[in-house]
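Novice: okay, here's the prediction I keep looking at, along with the sequence it came from:
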Amino acid sequence: MHADLAAIIAPGFFSSSSVQLALVVGALVAIVAGTVGVFTVIRGQSFAGEALGDIGASGGSSAYLVGIAPLWGFVGISVAAAAVMELIGIQRARGRDLATGIVLGAGFGLAALFLYLGSTSSSTTGATVTILFGSIFQLDTSTLPLVAVFGAIALATILVIYRPLLLVSVSPELGAARRLPVRLIGSLYLLAMALAVALSAVTIGAILSTALLVGPAATALQLTRRPGRAILCAALVGIGVMWIGILLAYDSYSWPHHGWPVSFFVVTLVLIAYIASRVIPAPARKRRG
Amino acid sequence: MFSGFMVNAWIVATVVAVVGGAVGFFVVLRGSAFVAHAIPNGSFAGAAAASLIGINTLIGLGVFALGSALGIGLLGRRGRHDVATALTLVFALGLGALFLSFTVEYAPEIYSLLFGEVLGISDNQLGPTIALAAVCLAALALLYRPLLLSSALPDSAHAHGISPYTAELAFLVLVALATTMTVPVVGTALIFSLMIGPPAAARAFTTRPLTAIALSIVIAVGVAWAAVALSYQTNWPVGFYVGVISAGSYAAGRIWTYARSRRPAARGVTQAVSQTA
């Protein structure tokens, strides 16, 4: 029995402090990303989420340049990018992707420059890979309170605008007819999304952060159509893929090529969960309908 | 700046810009900015895989670009297109992260794959790039009419027997082809800027498709040349200049449209005023 368990969970998994920190931060981020992500999927804003993550890379790399915690950089730049997207017209469905793409191009270009300057001004050549692809085992304990605070702000924003946001997301026309401040709600939502993406970026890397935002939420929305349940389900799927990913990455130290990246396991599990949710419940749904 | 190995950089940058500007016209027309971002970025994993097993980078790029295109096409067939695109992209990037962790490649090499490099384009990269570009432009010429019809008037295209799904798949493969050849100079991360900024700017100046494509190519070549020249002078990454100058060309297009939309309106007002007077 004990040997079986040791085969699944490599010895020292629960006693390692960096693993404990990774599990806690990973769970917090998965909850925030899952909750915010349900609306991202309903509103069809995956590209905006992707763009905020990629642009966030320039924040993470400039944080390295000035020597502060990367999370500050991710949060700062993501929020700023969200503001620019809002300004140049992301709220209009027509041309929205184009506006997102243009901001993304300029922002990603800046990321390239900062990463370049960072790697030439200091000898930390690993920064490029760390920022883009994440390294949850190298988190600092001081990151935990920051993650908790930013996560709480994102969740509180969603909680406050929950009902109007839901209405506006499902039917903008109905929202406008009821004289809801559609644009304000959209902007507040974009802010929450920027925070969620920044938090994901710290755990699985800037250019992979959409995986946690969109994947669990899209999976959940395949399983249930009720928004409340979908949020709960997305958070659980998120925590699941995060924890299994961390476990597999920990185990992989004894595999060939030692130490596979957590991010790889997380995105793979996210894709598997999404495909499974599309394939498996189809007959069950048909029977009920 | 124009000697030795830089000649190769100029040739490749020009070829890349021509193809990017032409394919980009359809990217903008179809509103597929996300796809144009996802396929090149996903192909990054292919470059990492190629360096891992020691084959030509172009083969790795081609396989992953086509794989991403088909993944997006299949997953997005029923269901949310943007979710399918996002998940295909992050999965490919995750694989890239895995391959990177396997290689003993130095960070600068990874960096130049992502963000481009003007130096070090060898003579034997030149041939395949030009050949791919020719294939890509030929495919574009062949698909021009059906693709234009299905992009601008999907219903009418359907009536002509062009299935929207087939058109979408053909378009995705076209973007994949264009992507495969772009990496050496511009890098996987920023090539999509070249496929969005210049065509979007071109559409602000003209509504005729062929003129727009021609103008888009001219602007794209201008952006690419400026980026290579500036990168050579400052040593900063090519991708940075491509991203920022492309965004600048789009902004110029927007300002032009804004100025034009004001002029007739102003004339209308003066006419109305003179009539009442």
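Specialist: Thanks, I have the structure now. Quick caveat: nothing in here was measured; it's all calculated off a predicted structure. Numbering: from 1, shown residues only, chains lettered A, B, ... in the order given.

Novice: the strand or helix carrying residue B:233 packs against which elements?
Specialist: Using DSSP states H and E, residue B:233 sits within helix B:209-234. The elements that helix B:209-234 packs onto, with contact taken as 3 or more C-beta pairs under 8 Å, 6 or more residues apart in numbering or on different chains; DSSP states H and E, are helix B:5-30, helix B:183-186, helix B:191-205, helix B:238-276. Quick note: C-beta positions are derived from backbone N, CA and C, even for glycine.

Novice: now the first one: buried residues?
Specialist: Judged by neighbour count using 16 or more other C-beta atoms under 10 Å in any protein chain shown, the buried positions of helix B:5-30 are B:6, B:8-10, B:12-30.

Novice: quick revisit: mind checking which of the helices and strands packed on helix B:209-234 is nearest chain A?
Specialist: Of all these, helix B:238-276 sits nearest to chain A, with 2.4 Å by C-beta to the nearest C-beta.

Novice: ok, the residue of the stretch 151-289 of chain A found nearest chain B to residue B:95 distance?
Specialist: Across the stretch 151-289 of chain A, no residue is closer to chain B than residue A:267, which sits at 3.4 Å (C-beta to the nearest C-beta). As judged by C-beta to C-beta, to the nearest Å, residue A:267 and residue B:95 stand 8 Å apart.

Novice: neighbour-wise, which of the two wins?
Specialist: Comparing residue A:267 with residue B:95 by other C-beta atoms under 10 Å in any protein chain shown, the one with more neighbours is residue A:267, at 30 against 21.

Novice: now name the helix or strand holding the residue nearest to residue B:79 when sequence neighbours are not counted.
Specialist: Leaving aside its sequence neighbours, residue B:79 sits nearest to residue A:278 (C-beta to C-beta, 6 or more residues apart in numbering or on different chains; 6.5 Å). If you go by DSSP H and E, residue A:278 is part of helix A:262-279.

Novice: and if you look at residue B:39?
Specialist: Residue B:39 belongs to helix B:33-53 when assigned by DSSP H and E.

Novice: so after that helix, what's the next helix or strand?
Specialist: Following helix B:33-53 in sequence, per DSSP H and E, is helix B:57-75.

Novice: for the next helix or strand after that following helix, packing partners?
Specialist: The C-terminal neighbour of helix B:57-75 among helices and strands, as given by DSSP H and E, is helix B:81-102. For helix B:81-102, the packing partners by 3+ C-beta pairs under 8 Å, 6+ apart come out as helix A:46-66, helix A:127-133, helix A:210-223, helix A:262-279, helix B:33-53, helix B:57-75.

Novice: which of those has the lowest average pLDDT?
Specialist: In terms of mean pLDDT, the lowest-scoring of the helices and strands packed on helix B:81-102 is helix A:127-133 (a mean of 75).

Novice: buried ones in whichever helix or strand comes after that one, by neighbour count?
Specialist: Scanning forward in sequence from helix A:127-133 by DSSP H and E, the next helix or strand is helix A:143-160. Using 16+ other C-beta under 10 Å as the test for burial, helix A:143-160 gives A:143, A:146, A:147, A:150, A:151, A:154, A:155, A:157, A:158.

Novice: how about the residues of the stretch 101-250 of chain B by chain A?
Specialist: With C-beta under 8 Å from any C-beta of the partner chain as the criterion, the stretch 101-250 of chain B meets chain A at residues B:101-102, B:106-108, B:110-111, B:114-116, B:187, B:189-190, B:192-193, B:196-197, B:200, B:236-237, B:239-244, B:246-247, B:250.

Novice: where does the chain dip in pLDDT?
Specialist: This is for chain A. Applying pLDDT under 70 to chain A flags the ranges A:1-7, A:89-95, A:119-127, A:281-289.

Novice: hmm, no, I was thinking of chain B.
Specialist: Regions of chain B meeting the criterion pLDDT under 70 cover residues B:1-5, B:104-109, B:120, B:183-185, B:263-277.

Novice: residue of the stretch 51-200 of chain A with the smallest distance to chain B?
Specialist: Counting by C-beta to the nearest C-beta, the stretch 51-200 of chain A gets nearest to chain B through residue A:109 (2.4 Å).

Novice: tell me which element that residue falls in.
Specialist: Taking DSSP H and E as the definition, residue A:109 sits inside helix A:96-121.

Novice: and that helix, what's buried?
Specialist: A:96-119.

Novice: near chain B, which residues of the stretch 1-150 of chain A show up?
Specialist: A:41, A:44-47, A:49-50, A:54, A:95, A:97-98, A:100-110, A:112-113, A:115-116, A:119, A:125-126, A:128-129, A:132-133.

Novice: one step back: turn the helices and strands packed on helix B:81-102 into CSV, including distance to residue B:133.
Specialist: Shown next, in CSV, are the helices and strands packed on helix B:81-102 (distance: least, C-beta to C-beta, whole Å):
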stretch, distance to residue B:133
helix A:46-66, 27
helix A:127-133, 28
helix A:210-223, 31
helix A:262-279, 32
helix B:33-53, 15
helix B:57-75, 12
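
Novice: just say which of those is most tucked in.
Specialist: Most buried of those, by mean neighbour count (mean count of other C-beta atoms under 10 Å in any protein chain shown): helix A:210-223, with a mean of 30.

Novice: that one close to chain B?
Specialist: Yes - Helix A:210-223 is in contact with chain B by C-beta under 8 Å from any C-beta, via A:210, A:211, A:214, A:215, A:218.

Novice: gap between residue A:249 and residue A:259?
Specialist: Residue A:249 is 7 Å from residue A:259, by C-beta to C-beta.

Novice: my bad, residue A:76
Specialist: Noted for residue A:76: a distance of 31 Å to residue A:259, by C-beta to C-beta.

Novice: which strands and helices lie in contact with the helix holding residue A:109?
Specialist: Packed against helix A:96-121 by the contact rule (3+ C-beta pairs under 8 Å, 6+ apart) you find helix A:46-66, helix A:70-87, helix A:127-133, helix B:33-53, helix B:107-115, helix B:191-205, helix B:238-276.

Novice: so which of the ones you listed is nearest residue B:80?
Specialist: helix A:46-66 (7.7 Å; C-beta to C-beta).

Novice: tally up the residues packed near residue A:135, please.
Specialist: Using other C-beta under 10 Å, residue A:135 is surrounded by 18 other residues.

Novice: one more: residue A:231?
Specialist: Residues near residue A:231, counting by other C-beta under 10 Å, number 23.

Novice: which residues are in contact with it?
Specialist: Neighbour list for residue A:231: A:34, A:35, A:38, A:220 [criterion: C-beta atoms under 8 Å, 6 or more residues apart in numbering or on different chains].

Novice: I'd say residue B:216 and residue B:19 touch.
Specialist: No - if you go by C-beta atoms under 8 Å, residue B:216 and residue B:19 don't touch, sitting 11.1 Å apart.

Novice: helix/strand/coil for residue A:11?
Specialist: Secondary structure, DSSP: H, G, I helix; E, B strand; the rest coil: residue A:11 is coil.
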